[in-house]
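Q: output the structure for:
(one chain, ligands or ions: 1)
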Amino acid sequence: MEDYKFLFKIVLVGNAGVGKTCLVRRFTQGLFPPGQGATIGVDFMIKTVEVEGEKIKLQIWDTAGQERFRSITQSYYRSAHALILVYDISCQPTFDCLPDWLREIQEYANSKVLKILVGNKTDRDDREIPTQIGEEFAKQHDMYFLETSAKEAENVERLFYEIAAELIGQARSKDGSSSAAAAAAQRQSEGSSIGLGSFSAKAAQSNCCGGLASGGSNSSQGG
Ligand SMILES: Nc1nc2c(ncn2[C@@H]2O[C@H](COP(=O)(O)OP(=O)(O)OP(=O)(O)O)[C@@H](O)[C@H]2O)c(=O)[nH]1
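A: Numbering: from 1, shown residues only. From the prediction side, this is the model:
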């Protein structure tokens, strides 16, 4: 039987092509998969981590950035303990859409959800959004901030471990009340510590800024 102290749900949102799937794969599988297609609907993966001596199960939901899936993805916001809002530091339109994403979050997520702004693709040398601009936006909107590269594994572990640590802190500080109790109540034995959700697949990519960032193909990824 698998034993863990808390289960936290983390949902990734942001424009198509910013690298949400790659961040999740890097963290859960240690891979930077070539030729990721666009996410259809929602994918989820599970990883158990150890933080401050506690076993924590992270259920990570990777949502589709494409507009046409918005009604599906919105339904996953509500139960999230943390929301990671991702943009691409080399693609201004993905940053310009952040206020729209915040409106969605405001409307559909729990008001106390932990929000993290992530500027991904720091390995690219065609940066359009300076770090400071991202930082300021995050501060204005009461979000944590981190820049990452799924490709080079920069700050990816840190992102998820810091979220886990923060959520543990929150759960402990209101021990006995909603969040800790809810998380503890969800303790249950399940399968392996890393698993791929099955009700979505990857299909042909529609990318941000009109083109593929790194020669992505249409290879489909079974769900
Ligand atoms: N250079 C670089 N490219 C990246 C990085 N992360 C993702 N990419 C590329 O960006 C493209 C889109 O990545 P995905 O992870 O599929 O993007 P997504 O946000 O999940 O897209 P949707 O599923 O459509 O919402 C792919 O070509 C990736 O190879 C990164 O850290 N650096």
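
Q: measure stretch 10-21 end to end?
A: In stretch 10-21, first residue to last residue: 13 Å (Cα to Cα, to the nearest Å).

Q: centre of the chain to it, how far?
A: 6 Å (Cα atoms, centre = their mean, to the nearest Å).

Q: is it up against the ligand anywhere?
A: Yes - contact of stretch 10-21 with the ligand (Cβ under 6 Å from any ligand atom) involves Ala16, Gly17, Val18, Gly19, Lys20, Thr21. Using the backbone N, CA and C atoms, a C-beta is placed for each residue, glycine as well.

Q: so for the longest helix seen in the chain, what gets flagged as buried?
A: If you go by DSSP state H, the chain has its longest helix at helix 156-173. Residues of helix 156-173 classed as buried: Val156, Leu159, Phe160, Tyr161, Glu162, Ile163, Ala164, Glu166, Leu167, Ile168, Gln170, Ala171 (neighbour count, 16 or more other Cβ atoms under 10 Å).

Q: what two of these are the furthest from one another?
A: Greatest spatial distance in the buried residues of helix 156-173: Val156 and Ala171, 23.2 Å, computed using Cβ to Cβ.

Q: lowest average confidence, helix or strand, in this structure?
A: Sorting the helices and strands of the chain by mean pLDDT, DSSP states H and E puts strand 195-196 at the bottom, at a mean of 26.

Q: contacts for the helix or strand harbouring Val11?
A: Assigned by DSSP states H and E, Val11 belongs to strand 6-13. For strand 6-13, the external contacting residues (Cβ atoms under 8 Å, 6 or more residues apart in numbering) are 20, 23-24, 54, 56-63, 65, 73, 76-77, 79-86, 101, 104-105, 160, 163-164, 167-168, 171, 180, 183-184, 186-187.

Q: which helices and strands sit right next to the helix or strand following that strand?
A: As assigned by DSSP H and E, the chain's next helix or strand after strand 6-13 is helix 20-29. Here helix 20-29 touches strand 6-13, strand 42-51, strand 54-63, strand 82-88, strand 114-120, helix 156-173, going by 3 or more Cβ pairs under 8 Å, 6 or more residues apart in numbering; DSSP states H and E.

Q: of all these, which one is nearest Phe137?
A: Using Cβ to Cβ, the helices and strands packed on helix 20-29 put strand 114-120 closest to Phe137, at 6.6 Å.

Q: angle of that closest one against strand 6-13?
A: 50 degrees (axes from the mean of the first three to the mean of the last three Cα atoms, to 10 degrees).

Q: now for strand 114-120, which elements pack on it?
A: helix 20-29, strand 82-88, helix 131-140, strand 144-147, helix 156-173.

Q: can you put these in a markdown table and add mean pLDDT and distance to Gly37?
A: A markdown table is the format used below for the helices and strands packed on strand 114-120 (pLDDT from 0 to 100; distance: least, Cβ to Cβ, whole Å):
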| stretch | mean pLDDT | distance to Gly37 |
| --- | --- | --- |
| helix 20-29 | 96 | 9 |
| strand 82-88 | 98 | 17 |
| helix 131-140 | 98 | 27 |
| strand 144-147 | 97 | 25 |
| helix 156-173 | 94 | 21 |
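
Q: and the pLDDT for the nearest residue to Thr148 once chain neighbours are set aside?
A: Of all residues not flanking Thr148 in the chain, Asn155 sits nearest, at 4.3 Å (Cβ to Cβ, 6 or more residues apart in numbering). Note on Asn155: pLDDT of 98.

Q: many thanks, I have nothing further to ask.
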